[in-house]
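**Student:** I would like the atomic coordinates for the input below:
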Amino acid sequence: MNDFDVFQNVRAKVNAAESAEPSSEELRARFVQDSGAREWNEILASENVAGLEKFLRRDFPRQATLYDSTIHRRAFLKLLGAGLALAGLAACAPPQGEKILPYVEQPERILPGLPLYYTTAMTLGGFATGLLVRSDMGRPTKIEGNPNHPASLGATDIFGQAAILTLYDPDRSQTVLQNGNASTWDAFRAALTNALNAARTSGGAGLYILTPAVSSPTFAAQMDSVYAQFPDAQWHQYEPFNQDNARTGSQLAFREIVQTRYDLARADVILSLDSDFLNAGGGRLRYARDFAARRNVAAGQSDMSRLYAISSTPTLTSTQADNHIALRASLVAGFARAVAAALGVSGVTAPEFENIPANFIPALARDLQAHRGTSLVVVGDEQPPYVHALAHALNDTLGNVGTTVTYSDSVHVNPTDEFASLRALVDDMNAGRVGTLLILGGNPVFDAPVDFDFADALKRVPFSAHLALYADETSRACAWHLPQAHFLETWSDARAFDGTATIMQPLIAPLYNGVSTHEMLSLLTDAAPRASDAIVKAFWQTQAGSDFETRWREALSTGVVPNTTFAARPVSLNTAWIANAPAELPIESYEVIFRPDPTLYDGQFANNAWLQELPKPLSKITWDNIVAVSPATAQRLGFSTTISATGGEHGQVETTEVQVTYKGRTLRAPIWILPGHPNDMVTLYAGYGRTHAGNVGTGAGYNAYALRTANAPWMGAGLSLDDTFQRVSVATTQFHDNMEGRDLVRHATLQEFLQNPNFAQRPEPDISLYPPQNRESPQWGMTINLNSCIGCNACVLACQAENNISTVGKSEVLRAREMHWLRIDRYVEGEGENAQVLHEPVLCMHCEYAPCEVVCPVAATTHSPDGLNEMTYNRCVGTRYCSNNCPYKVRRFNFFQYADWETESLKSMRNPDVTVRSRGVMEKCTYCVQRIRRAKINAEIENRPVRDGEIVTACQAVCPTQAIVFGNVSDPQSRVSQLKADSLNYALLAELNTRPRTTYLAMVRNPNPEI
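**Tutor:** As a prediction, this is how the structure comes out:
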């Protein structure tokens, strides 16, 4: 009897055993008799049931569960059958009858193993960000920024990086649903045709379309066609975090809606009034780049911008401030009035402030006045229209219009008050005036103001359909759910914050039979359905004039449509509104402000595991949202957060669960103490609390939208916090925020730097028992400029996407087992509301004298000739000695099989140049060795050395502020060598004499000396 016959016999006996359930002794006897293999006889003769389970867990980790549990007899038999099959019989199975077919004619551009890159864009809040997407044999695998695009300049944010996971998400909608049951596109088209025929008889009355904010020129043209056929149809727009206040503010100031654009590269002094312009809004990447360019200093150079930040909750922008005031949200308007009065804006009276230093506002006003034409006032979207209008008046008074601030037509199509638009729609739904409602994207059942009760109003609509990536809360409330195509699967177009148009081209055919919004609108206006490419191309043919094909190819190649940037336009300031200042909210209770979650935004990314496990920039929390308060507020209320005594190493934090009551509604959530948060102020982060997000996002966190009302969608008073006397566990990657005097983040003021340019230098040991390192060219190294890093986390996700890094889930983060190769540490200096937050990216230092290498018993971690600290995965036996001996704590261990090897769609997502690690293997940053090797191969083919800047690591490529520089440290002319020679350069924990190849440029702040 051969091995295959043995296997078939054993499998038959296992199947029979599942019903007969004989004793374990009988099973052992049968298997010993049938096997005939010495090794299995020995195993079965010497091991009992528990021992055999232990063997399977050790040698076949994919069969092991994450946690020990009592194994049932049937599960044991299944494991035993799998163990026998895997032990040596699989190789004897007969060959499968599968066939593969090569290209009949190989496409010229496709070379196996070499990726191609295509330009496209993604939108957030209606604003486009230009992207450059890598494609491996037809599979999109990595997203970079498009260097030609004015909104990205080659960078991306966390949402752009994570979009690749959403594309391949197996939880995405894959079929048409009618009332929750599977249906077909043909059935939907037939039903829609009947509804449209009924609407035509009344000129389109009763036909309503609801979309998020739109900047697509093609979509605008299609809506014109809809109105031509259905004159009385209505189009409503809604985003939960929108630009309503900014639009209304421009109407107050200029009597028209305009788009405000900033030029931070020309700004010497910036006043941020509750604005997170470095991390939010359509121009965030461009603004971060321009801001960082003005923050770089060299020995003897003092041309550095200054940032004043007034914030109602800590943001990445407030952490970069040279002078920072934490202020309740309702007091920001009064602060702006005080500044305007100090600058002489007519009609403005200054209120009094008790908790602001007396000289702060006068010194700020003098600084702004001294930089007329090169100063800038920026306002956050959460502030009321009056503050936006006052900022326009301040910029006009300071002579900034035309230099640091310009105005143009609105980027959004048909800009409107979105809360008012949604309210009008809900009123019509309740009144029975809506016969057909098409919801093209968005999730209003989840994120609409709670007092609208959108789900209840939807029940009164005879025909409703929702186009979405997931069968979410809104889809389940509609009669029809339609799978939407991902932006990487379809053609479209969109405008950037400055009006520049981009053609969005697909990288892959729709994976799940989805359609685009353009194809949906085509069903309303065209005799036969049209594909998205034909729709988009037909529109741009009407715009291009002569030689369309050449212009079309150029637009696809560069990622921007030439000559589409909106020109700056003149505005005329109106001052009639100045006397109508909003009243301050009473301090009878706590004030609340609603903010989008730092990683999930408004909730649309809730099912993205990369974003769920990405630490929030300031709290370092994963898989949850929290209620943020200041240390003083928490102390007054008796709330606390502590490291759990058991269950994790700094990963599990126990905090007070509170009951939040606001406007008669309540929810329960964990409290979190956030340094730099204003007193008597509470921040609620929306985006969590999803009930139908998918397997990843459903049930995580609390739903802040349950307290958000239409009359106070941004801020309000009257909130109360009550202790539930329950403690809850929160998963965080960093609880401590004290450097304990170790000079981890070295920083100084500009004056201190000019007086002592070598402040970052410390005596370093230069005696070692290690042999001298090979210095033959090339030798790779990196610098990270802490003066440029804003802590946005884009590098963390770029590293994860590039290197196939797994997520582990909340339960494993609670045990401090997260797998990120790169982390951004957060430290706090000072106390109270105005504490200073410092960011420091930490990755493998690639030490020349690496402590990890000498303790590995199997030489799994070694040094390469070009200076890399390498991991040989198939040597690693998982002792974890290297991790224990690493002073930087940057090594990550696969305690379980974290990588998903089973889900087919996720296999296509992975970078083919990077090994997918298995259980029991240590891993860490490799300096993107796959990119190094590819560049060296190309250089050898062309018979030349690797050029400086030719190798760009994933973290370096994504960084919006260009804080990371990588290159050959043995070349004195390389940029990285020149930065390492700067007086600001220092090594982390240099006193340990590890001689890290990754070094830092110290941080320099530029506070006003008068304050």
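
**Student:** Give the other helices and strands that the helix or strand encompassing residue 378 contacts.
**Tutor:** Counting by DSSP states H and E, the element that carries residue 378 is strand 375-379. Contacts defined by 3 or more CB pairs under 8 Å, 6 or more residues apart in numbering; DSSP states H and E place strand 375-379 against strand 269-273, helix 360-370, helix 385-397. Every C-beta, even on glycine, is put in place using the N, C-alpha and C of the backbone.

**Student:** Kindly compare burial across these and name the winner.
**Tutor:** Most buried of these, by mean neighbour count (mean count of other CB atoms under 10 Å): strand 269-273, with a mean of 26.

**Student:** Run the chain-centre distance for that one.
**Tutor:** In terms of CA atoms, centre = their mean, to the nearest Å, the gap separating the centre of strand 269-273 from the centre of its chain is 25 Å.

**Student:** packing partners for that strand?
**Tutor:** strand 306-311, helix 332-342, helix 360-370, strand 375-379, helix 385-397.

**Student:** switch to 6 Å and redo it
**Tutor:** Contacts defined by 3 or more CB pairs under 6 Å, 6 or more residues apart in numbering; DSSP states H and E place strand 269-273 against strand 306-311, strand 375-379.

**Student:** for the ones you listed, which one ends up most surrounded?
**Tutor:** It is strand 375-379: most buried of those by mean count of other CB under 10 Å, with a mean of 28.

**Student:** List the contacts of it.
**Tutor:** 267, 269-273, 275, 277, 368, 387-388, 391, 394-395, 398, 400, 404 (CB atoms under 6 Å, 6 or more residues apart in numbering).

**Student:** what do you get for stretch 273-280?
**Tutor:** By CB under 6 Å, 6+ apart, stretch 273-280 touches 287-288, 310-312, 315-317, 332, 336, 378-380, 383, 790, 792.

**Student:** For it, measure first residue to last.
**Tutor:** 14 Å (CA to CA, to the nearest Å).

**Student:** average pLDDT for it?
**Tutor:** Here stretch 273-280 scores 95 as its mean pLDDT.

**Student:** the bottom helix or strand of this structure by mean pLDDT?
**Tutor:** helix 38-46 (a mean of 43; mean pLDDT, DSSP states H and E).

**Student:** before we move on, the earlier item: and the angle for the strand holding residue 378 with strand 269-273?
**Tutor:** Interaxial angle of strand 375-379 relative to strand 269-273 (axes from the mean of the first three to the mean of the last three CA atoms, to 10 degrees): 10 degrees.

**Student:** Pull up the pairing partners for strand 375-379, direction included.
**Tutor:** The strands beside strand 375-379 in its sheet (DSSP bridges) come out as strand 269-273 (parallel).

**Student:** now the angle from the strand it pairs with to helix 385-397?
**Tutor:** Using the same axes, to 10 degrees, strand 269-273 lies at 170 degrees relative to helix 385-397.

**Student:** any idea of the angle strand 269-273 forms with helix 332-342?
**Tutor:** 140 degrees.

**Student:** The stretch 801-950 of the chain: helices as residue ranges?
**Tutor:** 810-813, 851-855, 881-884, 904-909, 929-941 (DSSP state H, counting those that start in this stretch).

**Student:** and the longest strand seen in the chain, what's its mean pLDDT?
**Tutor:** Using DSSP state E, we find that the single longest strand of the chain is strand 715-732. The average pLDDT for strand 715-732 rounds to 91.

**Student:** buried stuff in that strand?
**Tutor:** 715-719, 721, 728-732 (16 or more other CB atoms under 10 Å).

**Student:** Ok, stretch 407-416 next?
**Tutor:** 407-408, 410-413, 415-416.

**Student:** ok, now stretch 948-961?
**Tutor:** 950-961.

**Student:** What of stretch 750-769?
**Tutor:** Applying 16+ other CB under 10 Å to stretch 750-769 flags 750, 753, 757, 759-760 as buried.

**Student:** For residue 941, see how far away the residue nearest to residue 113 when sequence neighbours are not counted is.
**Tutor:** With sequence-adjacent residues excluded and distances taken as CB to CB, 6 or more residues apart in numbering, residue 113 is closest to residue 912, at 7.8 Å. Residue 912 sits 20 Å away from residue 941 when distances are taken as CB to CB, to the nearest Å.
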